[in-house]
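>>> need a structure here:
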Amino acid sequence: MAFGCYVAICYPQKYSSILTSARTGRIGLAALCRCALPTVPPFVELKGLPFCQSHVPSHAYCLHLDPIKLVCADITFNNWYGFASASLFLTLVRILAFMPCILIARAILSIASQREHLKL
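Numbers count the residues shown, from 1 in each chain. Reported below is the predicted structural model:
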């Protein structure tokens, strides 16, 4: 969405040629992958760990912390992965969200005359 706003403000005549439906689909797919892919490694690593107790969670829906409580091995990877991925992805999302805002502000401030400022 921020990319669309950036293109609409900085390149209004080229908006439809820059933001095509294929590019919009790729942006949506990238957003989906950014949400889904970080959840895979803890579950893959959890599958190979030995369990001391039963494999049955305490309730009908299975959260990641329920099977972790049943593991007998070292779960340091899961702890550090959760912290590192949350920190990395939150930082990355903030950077990607504020980058178009910075570019829009730079484009507006680079306008030369007062008359051009009033057009916006």
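
>>> what's next to the helix or strand harbouring G4, contact-wise?
Element membership of G4, judged by DSSP states H and E, is helix 2-10. The contact list for helix 2-10, computed with CB atoms under 8 Å, 6 or more residues apart in numbering, reads 14-15, 18-19, 27, 96-97, 99-101, 103-104, 107-108. For the C-beta atoms, the positions are set from N, CA and C on the backbone; glycine is no exception.

>>> which is the next helix or strand following that helix?
Scanning forward in sequence from helix 2-10 by DSSP H and E, the next helix or strand is helix 15-18.

>>> all helices of the protein, in order?
2-10, 15-18, 21-36, 40-47, 65-69, 76-109, 114-119 (DSSP state H).

>>> Need the mean per-residue confidence for the helix holding G4.
For helix 2-10, mean pLDDT is 81.

>>> quick one: buried residues of that helix?
3, 6-7, 10 (16 or more other CB atoms under 10 Å).

>>> Quick check: of the residues you listed, which lies closest to L49?
Nearest to L49 out of these is F3 (CB to CB; 40.3 Å).

>>> Of the helices of the chain, flag the one that's most buried.
Among the helices of the chain, helix 2-10 has the highest mean neighbour count (mean count of other CB atoms under 10 Å), at a mean of 15.

>>> Restricting to C-alpha, output it in CSV.
C-alpha atoms of helix 2-10 as CSV (Å, rounded to 0.1, in the frame of the first residue of the first chain):
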residue,chain,number,x,y,z
ALA,A,2,2.8,2.4,0.8
PHE,A,3,4.4,1.6,-2.6
GLY,A,4,1.1,2.4,-4.3
CYS,A,5,0.9,5.8,-2.5
TYR,A,6,4.5,6.6,-3.4
VAL,A,7,3.8,5.9,-7.1
ALA,A,8,0.5,7.8,-7.1
ILE,A,9,2.2,10.9,-5.6
CYS,A,10,5.5,10.9,-7.3
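
>>> Run the chain-centre distance for that helix.
Computed by CA atoms, centre = their mean, to the nearest Å, the chain-centroid distance of helix 2-10 equals 19 Å.
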